[in-house]
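K.L.:
Sequence and predicted structure, then a few things I'm wondering about:
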Amino acid sequence: MIVSMIVATGQKNEIGRNNQLMWHLPDDFKWFIQTYQAQDRCYGS
């Protein structure tokens, strides 16, 4: 089984603020959805 991980962090390795992502990049999000649409995903919070 292959396990892959994608992590986006800020300059201080933070992943969010006030229960929200710290950035909004529509093109990156579209790519992510298209690339991993047929894959199993686990989102952390």
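P.N.:
Arrived safely.

K.L.:
hey, let's count contacts and neighbours off CA atoms from now on
P.N.:
OK.

K.L.:
Give me the neighbour count for residue 22.
P.N.:
By other C-alpha atoms under 10 Å, 13 other residues sit near residue 22.

K.L.:
That one in helix, strand or coil?
P.N.:
The three-state label given to residue 22 by DSSP: H, G, I helix; E, B strand; the rest coil is coil.

K.L.:
Could you tell me how far it is located from residue 4?
P.N.:
According to C-alpha to C-alpha, to the nearest Å, residue 22 stands 23 Å off from residue 4.

K.L.:
Check residue 38 too.
P.N.:
14 Å.

K.L.:
Give me the phi and psi for residue 26.
P.N.:
When read as degrees, to the nearest 10, the backbone of residue 26 gives phi -60, psi -40.

K.L.:
Helices along the chain, start to end?
P.N.:
26-36 (DSSP state H).

K.L.:
hang on, the earlier thing: which neighbours do residue 38 and residue 4 have in common?
P.N.:
Residues touching both residue 38 and residue 4 (C-alpha atoms under 8 Å, 6 or more residues apart in numbering): there are none.
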